[in-house]
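Novice: Starting from these lines, generate the structure:
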Amino acid sequence: MKRIARWSLPTLPILAVLAALRAHVDVATRPLWRRLQRVRDARGAGLAWLDAWRIAGMPAIAGGSALTEPQHAGEFLLAERSVNRRESITVLSGQNLAAGAVVGRVTKGVGGASVPTVVGTGNGTMSAVFAGPEIQKGNYVVKCIAIAANGGTFSVTNPAGRALPNAVMAAGSVTYRSREINFTITDGSTDFALNDTFTIVVGTTAPTVVGTGNGTISGLSLGPDAKTGHYRVECIEAITNGGAFKVVGPDGDEVAVGYIVAGAGGTLVLANQRQLNLTITDGSTDFAVGDYFNVAVFNELSGKVVAWDPTTYDGRDDVAGILYDAVDASAGDLPGVLVSRDAEVRKSALQWAAAITAAQKESAYRDLAARGVIAL
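Specialist: Residues are numbered from 1 along each chain as shown. Here you go, the predicted structure:
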């Protein structure tokens, strides 16, 4: 009590201000302080020769290769409003990202929706499966929950576990329409029983042709204007060892037309398209007019993080933020932390995917600024 009394009243507010300033030391100095602390410890242990190696990198021994200490967590930060503004994320399997990496999120993909057979008692069928604009990657489960002669009621559950409107079959068939998934169920010679189930798998597997021919579609990728939903790739002209195809987008607009070339086993390659890129390969049985592939562009709800790439249009072309610490997800998805708002960062400390140009970096800086992350 006597020691406290020795402080004059005007002095106490000053001490409070100093304490607050100390608590808000620029976060960029913290990693540097830790590094300098390690250098001091090395000197104390008689290892002063490690100084340059620890800070800037140098040959470990004469004639050896240079070793550089990697960037530490948050070392790119100049200022940050609050650590509570950081975001927990998942780094996609196969990515190995450094601290300070500029990243995007995978928000959509392309492939197909399977046409399943029923599991259970009945022998009815499902057909005409295609995507709606809000389709999600994963499994749609269609289950019989009420039976009826030549009919039944089916629940429909999306990959996130949310119940969609039921499909009610009467008079032998039902055509189901929704913003996510569409299909037709037809009654068979044996009625459906409770819990008979169809499982529609939406993913990157390419669809198979519906119709006469047995050629294939492959090389599916997205253009910058790709929309989620159903792309129908249809044969509009039958040619021996060939054919002409049109691509109709989710809005019903024709977005591309092309011919299979080079005869038997030849291909139609639609590349650098604004919406959908693909390759169709001739099979042993020619395509007929009206044969088609149902291609699905789906939503990736997990939004996993990858290196930012302005030329890959699955969502990673939009800047999501900067990775706070290094994450090596080479062997599988791993958690990470994202700085995506209310921060100032050092341009020279940001990490980029290979082949990113100076002009592309300038574009990324503007996108970061729009999110409240200012690169200086």
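
Novice: so where do the helices sit in this protein?
Specialist: For the chain, the helices defined by DSSP state H cover 2-5, 11-23, 29-44, 51-55, 358-370.

Novice: Can you tell me the centre-most residue of this protein?
Specialist: residue 106 (1.5 Å; CA atoms, centre = their mean).

Novice: That one against residue 304, yeah?
Specialist: Yes. Using CB atoms under 8 Å, residue 106 is in contact with residue 304, at 5.4 Å. C-betas here are computed from N, CA, C, even on glycine.

Novice: Now the common contact residues for those two.
Specialist: Residues touching both residue 106 and residue 304 (CB atoms under 8 Å, 6 or more residues apart in numbering): residue 92.

Novice: how much space is there between the residue lying closest to residue 243 once chain neighbours are set aside and residue 338?
Specialist: Spatially, and ignoring its direct neighbours in sequence, residue 243 is nearest to residue 287 (4.2 Å; CB to CB, 6 or more residues apart in numbering). Distance, residue 287 to residue 338, by CB to CB, to the nearest Å: 46 Å.

Novice: Going by neighbour count, list what's buried in stretch 177-185.
Specialist: Using 16 or more other CB atoms under 10 Å as the test for burial, stretch 177-185 gives 178, 180-185.

Novice: if we can go back for a sec, ok, how many other residues are close to the residue nearest to residue 243?
Specialist: Neighbourhood size, residue 287 [other CB atoms under 10 Å]: 28.

Novice: so it touches residue 235, yeah?
Specialist: Yes. Contact criterion CB under 8 Å: residue 287 and residue 235 qualify, at 4.4 Å.

Novice: Overlap in contacts, these two.
Specialist: Between them, residue 287 and residue 235 share the contacting residues 211, 213, 243, judged by CB under 8 Å, 6+ apart.

Novice: And stretch 245-254, what's buried?
Specialist: 245-250.

Novice: doesn't residue 240 make contact with residue 286?
Specialist: Yes. With contact defined as CB under 8 Å, residue 286 counts as touching residue 240 (6.2 Å).

Novice: Just want to know which of these two has more residues nearby.
Specialist: The neighbour count for residue 286 versus residue 240, taken as other CB under 10 Å, is higher for residue 286 (20 against 9).

Novice: contacting residues around that one?
Specialist: Taking CB under 8 Å, 6+ apart, one finds 212-213, 238-243 in contact with residue 286.

Novice: Could you tell me how many residues sit around residue 372?
Specialist: Neighbours of residue 372 using other CB under 10 Å come to 14.

Novice: And the strands in the stretch 51-200 of the chain, which stretches?
Specialist: Counting by DSSP state E, counting those that start in this stretch, one finds strands in the stretch 51-200 of the chain at the ranges 58-59, 66-67, 77-80, 87-91, 96-97, 102-105, 108-113, 125-131, 138-148, 151-157, 163-169, 173-176, 181-186, 197-203.
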